[in-house]
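**Q** Test case, fold it:
(one chain, ligands or ions: 1)
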Amino acid sequence: MPAMVMSNAGPSGAKKFEGRITIYVVICGIIAATGGLMFGYDIGISGGVTSMDDFLEEFFPAVFERKHKAKEDNYCKFDNQNLQLFTSSLYLAALVASFVASKICTKHGRKLTMQAASIFFLVGVILNAAAVNIAMLIIGRILLGVGVGFANQAVPLFLSEIAPVHVRGALNILFQLDVTIGIFVANIVNYLVSNIHPWGWRLALGLAGVPAMMLCLGSMVIAETPTSLIEREMLMEGLAMLKKIRGTDNVDAEYEEILHACEMARQVKQPFKNLMKRSSRPQLVIAIVMQVFQQFTGINAIMFYAPVLFQTIGFKNDASLLSAVITGIVNVLSTVVSVVLVDKVGRRFLLLEACGQMLITQVAIGGILLVNLKATNELGHGVAVWVVVLVCLFVSSFAWSWGPLGWLIPSETFPLATRTAGYAFAVSSNMLFTFVIAQAFLSMMCHLRAGIFFFFGAWIAVMGLFVIFLLPETKNVPIDEMTEKVWKQHWFWKRFMDEEEDKKHSV
Ligand code: BGC
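**A** Numbers count the residues shown, from 1 in each chain. Modelled structure (predicted):
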């Protein structure tokens, strides 16, 4: 896997390359957005579908029965390993697929990888929408997962490579914005189709084909990135493409930089081995930990299972889906806040503020449920509304902090030589822990009951301490000055940066 080729300059150190934001780059951005939409739609749709009666009756009759038994335990009515497998199989498939995709991306380019993503995804959608048994459902989900793995590997790389240097940061969070829009659209679809019987769920799953078709058709009209062309030794094509996307013939400086970056990437024959060096430890730990912590906020317990959760606390079908729509809107709007603030107030401020807000809201939700929700009663209307408000406050703080920064920070801390390999660890950690939460949440809720919210609260407290003591501020530090300006200055991490020590300890 080659090092991801990004500019060497951060916001304060941006070299002045000529070139504007061309229509071509805008079109490419829209196409990349559909990759984010695909991912987000998947995150949002499964919770809705797995709470629809028609769907449960057809594939999970035991869950359907339990759900409708008056005396069933509130915290356990959805606990079913097969039902959880439906949601989580996608992430396991994506975890494996992203490693395969990284190789295809290098050898055959970003465009082909995106096309492959959309084809896998479309076949998965067809299997899901036409499913007549659990096997079709699960195989369909696995193919969707392969599509997501391929898209998540290729699309951010593609975006980084086509973006003019001065808008790359914004484009980065734009991808997360598209994920949140995908989740929101899925929530609306869940809400609208829940009254279409008995095939509303088929429509919900089938509509995932829309962003996939957009990516499929879109990736036919766009060309390959200059970096990928140059990396594959198609120098003239790469130069021509660079001129096209920048809208100017004066691209020599940028061309030279890409050429140089490709040279360096070629010299690192084993980026993964490089990553195991002592001096890579700080970045590697931060990249993995950011993703693990992102998932242990409990966000996906809310995202996947919001409708299920709201039903558990006593909302009726429509009301619970509507509540999930509200959290979807909050998620999108709060991500915009992050786009605006991240380079002004800094990463650490957003993360710490959010730790406080998330800790208070998780503990408050846990407390309310502990006192008010027993095994078989329903929450009063007023109390249930409070729970929704608290969930919205939780989601908003996640959306301007750990959501986008879980992706941004790992992408900006590695030196070029280990950037892609390191980022691959971040992506796979995300998929792994998304899988773990998706698979475990309903059982955990059944066993820990309201305590599940304290469980996540405890993790959030740990994250806050981690940020205070171990996470350096990376705002406005040029990417390639990170080692000197950040890691070698940090009270704890600087001990890993000694080159002599590195030689002694290197594997
Ligand atoms: C996370 C997803 C999550 C989403 C919510 C992303 O950054 O990786 O797991 O569902 O944010 O908006």
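**Q** contacting residues around whatever residue of the stretch 101-250 of the chain ends up closest to the ligand?
**A** Closest approach of the stretch 101-250 of the chain to the ligand (C-beta to the nearest ligand atom) occurs at Thr180, with a separation of 4.7 Å. Where you see a C-beta, it was placed from the backbone N, CA and C, and this is true even at glycine. Counting by C-beta atoms under 8 Å, 6 or more residues apart in numbering, Thr180 makes contact with 40, 328, 331-332, 335, 399, 403.
**Q** Nearest to the ligand: which residue in the stretch 351-500 of the chain?
**A** Closest point on the stretch 351-500 of the chain to the ligand, by C-beta to the nearest ligand atom, is Gly403, at 4.1 Å.
**Q** Could you pull up the residues touching that residue?
**A** With C-beta under 8 Å, 6+ apart, Gly403 has these contacts: 176, 180, 294, 299, 331, 335, 338.
**Q** mind giving me TSV with these and columns for pLDDT?
**A** Below are these laid out as TSV (pLDDT from 0 to 100):
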residue	pLDDT
Gln176	88
Thr180	95
Gln294	96
Ile299	92
Asn331	95
Thr335	94
Ser338	89
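**Q** Out of these, name the ones that lie in strands.
**A** For these, not one is inside strands, with DSSP state E as the criterion.
**Q** Can you pick out the ones from those that are in helices?
**A** 176, 180, 294, 299, 331, 335, 338 (DSSP state H).
**Q** Find me the pLDDT at the residue nearest to the last one when sequence neighbours are not counted, would you?
**A** Pointing back at Ser338 there. Distances taken as C-beta to C-beta, 6 or more residues apart in numbering put Trp400 closest to Ser338, at 4.0 Å, once the chain neighbours are dropped. Confidence at Trp400, expressed as pLDDT, is 96.
**Q** what's around Trp400, how many residues?
**A** 26 (other C-beta atoms under 10 Å).
**Q** Name the next helix or strand downstream of the one helix or strand Val389 maps to, please.
**A** In this structure, Val389 sits in helix 381-399 according to DSSP states H and E. Downstream of helix 381-399, the next assigned helix or strand under DSSP H and E is helix 402-413.
**Q** Please compute how far that next one lies from its chain's middle.
**A** On the basis of C-alpha atoms, centre = their mean, to the nearest Å, helix 402-413 sits 10 Å off its chain's mean C-alpha point.
**Q** which parts of the helix or strand that that helix is followed by are buried?
**A** Going down the chain from helix 402-413, the next helix or strand is helix 419-448, by DSSP H and E. Judged by neighbour count using 16 or more other C-beta atoms under 10 Å, the buried positions of helix 419-448 are 419-439, 441-442, 444-446.
**Q** One more: stretch 347-367?
**A** Within stretch 347-367, the residues scored as buried using 16+ other C-beta under 10 Å are 347-352, 354-355, 357-366.
**Q** And for stretch 234-247?
**A** Buried positions in stretch 234-247, judged by neighbour count with 16+ other C-beta under 10 Å: 234, 237-239, 241-243, 245-247.
**Q** Any chance of the residues you listed in a markdown table with pLDDT as columns?
**A** Listed next are the buried residues of stretch 234-247 as a markdown table, based on pLDDT from 0 to 100:
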| residue | pLDDT |
| --- | --- |
| Met234 | 94 |
| Glu237 | 96 |
| Gly238 | 95 |
| Leu239 | 96 |
| Met241 | 93 |
| Leu242 | 93 |
| Lys243 | 94 |
| Ile245 | 89 |
| Arg246 | 89 |
| Gly247 | 90 |
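**Q** Could you work out the most separated pair of those residues?
**A** Largest separation among the buried residues of stretch 234-247 by C-beta to C-beta: Met234 and Gly247, giving 20.9 Å.
**Q** what does this protein put close to the ligand?
**A** Residues of the chain lying near the ligand by C-beta under 6 Å from any ligand atom: 43, 176, 179-180, 183, 294, 299-300, 303, 331, 403, 406, 430, 434.
**Q** Spatially nearest residue to Cys216 (excluding sequence neighbours)?
**A** Ser118 (3.7 Å).
**Q** So the one you found sits against Ser219, correct?
**A** Yes: using C-beta atoms under 8 Å, Ser118 makes contact with Ser219 at a distance of 6.7 Å.
**Q** Quick check: neighbours shared by these two?
**A** Contacts common to Ser118 and Ser219, judged by C-beta under 8 Å, 6+ apart, are absent.
**Q** Quick check: which element contains Thr327?
**A** Counting by DSSP H and E, the element that carries Thr327 is helix 317-345.
**Q** nope, Ser98 is what I was after
**A** In this structure, Ser98 sits in helix 81-108 according to DSSP H and E.
**Q** Pull out the buried positions in that helix.
**A** 83-95, 97-98, 101-102, 104-106.
**Q** what is the orientation angle of the helix or strand just after that helix with helix 81-108?
**A** For helix 81-108, the succeeding helix or strand toward the C-terminus, using DSSP H and E, is helix 110-129. Angle of helix 110-129 versus helix 81-108, following axes from the mean of the first three to the mean of the last three C-alpha atoms, to 10 degrees, is 160 degrees.
**Q** Kindly format the C-alpha coordinates of helix 110-129 as PDB.
**A** Output of helix 110-129 as PDB, limited to C-alpha atoms (Å, rounded to 0.1, in the frame of the first residue of the first chain):
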ATOM      1  CA  ARG A 110      -9.600   5.200  -7.300                       C
ATOM      2  CA  LYS A 111     -12.200   5.400 -10.000                       C
ATOM      3  CA  LEU A 112     -12.300   1.600 -10.600                       C
ATOM      4  CA  THR A 113     -12.500   1.000  -6.800                       C
ATOM      5  CA  MET A 114     -15.500   3.400  -6.600                       C
ATOM      6  CA  GLN A 115     -17.200   1.600  -9.500                       C
ATOM      7  CA  ALA A 116     -16.600  -1.800  -7.900                       C
ATOM      8  CA  ALA A 117     -18.000  -0.400  -4.600                       C
ATOM      9  CA  SER A 118     -21.200   0.700  -6.300                       C
ATOM     10  CA  ILE A 119     -21.600  -2.600  -8.100                       C
ATOM     11  CA  PHE A 120     -21.200  -4.700  -4.900                       C
ATOM     12  CA  PHE A 121     -23.500  -2.300  -3.200                       C
ATOM     13  CA  LEU A 122     -26.200  -2.600  -5.900                       C
ATOM     14  CA  VAL A 123     -26.200  -6.400  -5.900                       C
ATOM     15  CA  GLY A 124     -26.500  -6.300  -2.100                       C
ATOM     16  CA  VAL A 125     -29.400  -3.900  -2.400                       C
ATOM     17  CA  ILE A 126     -31.200  -6.200  -4.800                       C
ATOM     18  CA  LEU A 127     -30.700  -9.200  -2.600                       C
ATOM     19  CA  ASN A 128     -31.900  -7.300   0.500                       C
ATOM     20  CA  ALA A 129     -35.000  -5.800  -1.200                       C
END
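**Q** For it, name the packing helices and strands.
**A** helix 23-49, helix 81-108, helix 134-162, helix 200-206, helix 209-221 (3 or more C-beta pairs under 8 Å, 6 or more residues apart in numbering; DSSP states H and E).
**Q** re the thing from before, so the residue nearest to Ser338 sits against Ser334, correct?
**A** Yes: contact criterion C-beta under 8 Å: Trp400 and Ser334 qualify, at 4.9 Å.
**Q** wait, what's in contact with the nearest residue to Ile45 once chain neighbours are set aside?
**A** Among residues not flanking Ile45 along the chain, Ala186 sits closest, at 4.2 Å (C-beta to C-beta, 6+ apart). When contacts are counted by C-beta under 8 Å, 6+ apart, Ala186 touches 40-45, 48, 204, 328.
**Q** same question, Thr413
**A** The contact partners of Thr413, by C-beta under 8 Å, 6+ apart, come to 282-283, 286-287, 422, 474, 482, 486.
**Q** Just give me the closest of those to Ala265.
**A** Nearest to Ala265 among the contacts of Thr413 is Gly422, at 13.2 Å by C-beta to C-beta.
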